[in-house]
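1. sequence first, predicted model second:
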Amino acid sequence: MDGQVKRARSTNFSPDEKILILNLVRRYSHIIESKKTDALSWRNKEATWTKIATEFNAQNSTFRSKETLKRFFENKKKETRKKAATERREITKTGSGTATPVIKDATFDLTMAILNKKTVFGVEIIPNGDKLEIVGTSMLNDTKPIGENIEDPEPADEVININTDQIDEPTTSNTWECYTPANLSKPINETLSRKKKNDSKWSSRRRPSLCPTGNVAKKYEDLAEIKVHVCQLQLELLQKSCQQQQQKNDMEIETMDRKNKREEEEFERKRLCDLELFELKKQSLELDIKLKQAQLNALNLL
């Protein structure tokens with residue numbers, strides 16, 4: 001523990017320094033806050049932070065390193081997200097009373113302008129439902145003055161007229177005041193007894209119907225056969241290409257063999273010629289030696 005050296009702590013950022021660094025970061029936020037993670041993007045971010053540190057130190061009396069500015073901005077983002085989450089939790093929480101206000105400084109709005117709103121508030125969820133929209137509506141019948149007797153008031157259910165395809169008007173009254181169990185023996189209304197039209201595309205809400213020319217499995221089988229045929233053509237093309245390459249290689253090998261054979265024959269011919277020449281030179285030297293000895297013997301006899 002005694003051998004560890006404590007990191008020298010720099011002075012705190014003043015409010016003017018905070019606003020200056022956030023304004024500089026906002027100028028280059030399209031590079032710093034980019035979500036790309038490739039090597040080129042990292043190099044651009046490092047170069048941008050170096051540029052920001054140079055501009056910051058040129059306008060400020062206290063020197064701040066690039067790492068210090070990056071650390072300040074990261075901490076500021078965490079603090080801003082925390083304040084935004086606290087504010088949203090205070091607004092949406094249940095119970096009586098008012099929401100506890102969150103203390104914000106001048107740098108909060110600057111940091112929010114730099115950050116991506118989705119990383120702070122999340123993705124906005126649009127509520128949806130299965131409610132059917134009414135195609136058309138009808139206005140209320142002409143109203144009568146107050147006090148005038150209304151002979152046949154229409155029920156409130158018929159205020160809205162839903163446009164449907166050829167719905168016959170009911171012959172009986174829609175009210176249930178005079179309805180008795182004996183009415184159960186009457187035939188079903190034509191509108192209710194009408195059979196559902198067969199849909200050519202869907203036989204039910206969950207299962208698709210058969211196609212006019214075949215089912216889905218047949219289409220997949222045809223597609224598989226086409227793919228097999230294409231693969232076979234590609235295989236034949238590849239085999240022909242391999243055969244042509246093999247023929248080319250064989251021709252090159254045969255050419256190289258002929259060339260090597262010619263070179264060997266030429267070398268053997270040259271070797272034989274050199275050997276014959278060597279033998280002739282040897283015989284010539286031997287004859288010269290014999291001639292010189294004969295001349296020496298002749299001189300000795302004199």
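-> Cool, got the structure. Numbers count the residues shown, from 1 in each chain.
2. tell me how many other residues crowd residue 28.
-> 17 (other C-beta atoms under 10 Å). C-betas here are computed from N, CA, C, even on glycine.
3. mind listing what it touches?
-> For residue 28, the contact set (C-beta atoms under 8 Å, 6 or more residues apart in numbering) comprises 48, 51, 52.
4. top of those by neighbour count?
-> Within the contacts of residue 28, most neighbours by other C-beta under 10 Å means residue 52, with 21 neighbours.
5. that one looks like it's in a helix, true?
-> Yes - Residue 52 forms part of a helix when assessed by DSSP: H, G, I helix; E, B strand; the rest coil.
6. adding distance to residue 70, write the contacts of residue 28 out as TSV.
-> Converted to TSV, these look like this (distance: C-beta to C-beta, whole Å):
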residue	distance to residue 70
48	11
51	13
52	9
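7. JSON lines for the residues you listed, including distance to residue 189 and pLDDT?
-> Listed next are those as JSON lines, based on distance: C-beta to C-beta, whole Å; pLDDT from 0 to 100:
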{"residue": "48", "distance to residue 189": "75", "pLDDT": "94"}
{"residue": "51", "distance to residue 189": "80", "pLDDT": "93"}
{"residue": "52", "distance to residue 189": "78", "pLDDT": "93"}
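8. pick the one among those closest to residue 218.
-> Nearest to residue 218 among these is residue 48, at 59.0 Å by C-beta to C-beta.
9. OK, contacts around the closest one?
-> Residue 48 touches 28, 31, 32, counting by C-beta under 8 Å, 6+ apart.
10. need the residues you listed in JSON lines (columns: pLDDT, distance to residue 246 and secondary structure).
-> Formatted as JSON lines, the contacts of residue 48 follow (pLDDT from 0 to 100; distance: C-beta to C-beta, whole Å; DSSP: H, G, I helix; E, B strand; the rest coil):
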{"residue": "28", "pLDDT": "92", "distance to residue 246": "61", "secondary structure": "coil"}
{"residue": "31", "pLDDT": "91", "distance to residue 246": "56", "secondary structure": "helix"}
{"residue": "32", "pLDDT": "90", "distance to residue 246": "59", "secondary structure": "helix"}
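11. any stretches of the chain with poor pLDDT?
-> Within the chain, the segments meeting pLDDT under 70 span 1-8, 127-176, 193-215.
12. identify the single longest helix in it, thanks.
-> Counting by DSSP state H, the longest helix found in the chain is helix 216-301.
13. against residue 191, how distant is the residue sitting nearest the centre point of the chain?
-> Most central residue of the chain, judged by C-alpha distance to the mean C-alpha position with C-alpha atoms, centre = their mean, is residue 36 at 11.9 Å. As defined by C-beta to C-beta, to the nearest Å, residue 36 lies at a distance of 61 Å from residue 191.
14. and what of residue 121?
-> 50 Å.
15. could you do residue 260 as well?
-> Residue 260 is 99 Å from residue 191, by C-beta to C-beta.
16. if we can go back for a sec, which one of the contacts of residue 48 is nearest residue 287?
-> Among the contacts of residue 48, and counting by C-beta to C-beta, the member closest to residue 287 is residue 31, at 97.6 Å.
17. the closest residue to that closest one other than its chain neighbours is in what secondary structure piece?
-> In this structure, residue 31 finds its nearest non-sequential neighbour in residue 48, 4.8 Å apart by C-beta to C-beta, 6 or more residues apart in numbering. Element membership of residue 48 [criterion: DSSP states H and E] is helix 39-59.
18. just the buried positions in the next helix or strand after that helix, please.
-> Following helix 39-59 in sequence order, the next helix or strand is helix 66-92 (DSSP H and E). Going by neighbour count (16 or more other C-beta atoms under 10 Å), the buried part of helix 66-92 is 66, 69, 70, 72, 73, 76, 77, 80, 81, 83, 84.
19. repeat for stretch 89-104
-> Result for stretch 89-104 [16+ other C-beta under 10 Å]: buried residues residue 102.
20. gap between stretch 106-113 and the chain center?
-> Here stretch 106-113 is found 31 Å from its chain centre; the criterion is C-alpha atoms, centre = their mean, to the nearest Å.
21. who touches that stretch?
-> Counting by C-beta under 8 Å, 6+ apart, 15, 18-19, 22-23, 26, 76-77, 79-80, 83-84, 120 sit against stretch 106-113.
22. in that stretch, which residues are buried?
-> Within stretch 106-113, judged by 16+ other C-beta under 10 Å, the buried ones are 107, 108, 110, 111.
23. run the angle between the helix or strand hosting the last one and helix 66-92 for me.
-> Counting by DSSP H and E, the element that carries residue 111 is helix 106-114. Angle of helix 106-114 versus helix 66-92, following axes from the mean of the first three to the mean of the last three C-alpha atoms, to 10 degrees, is 90 degrees.
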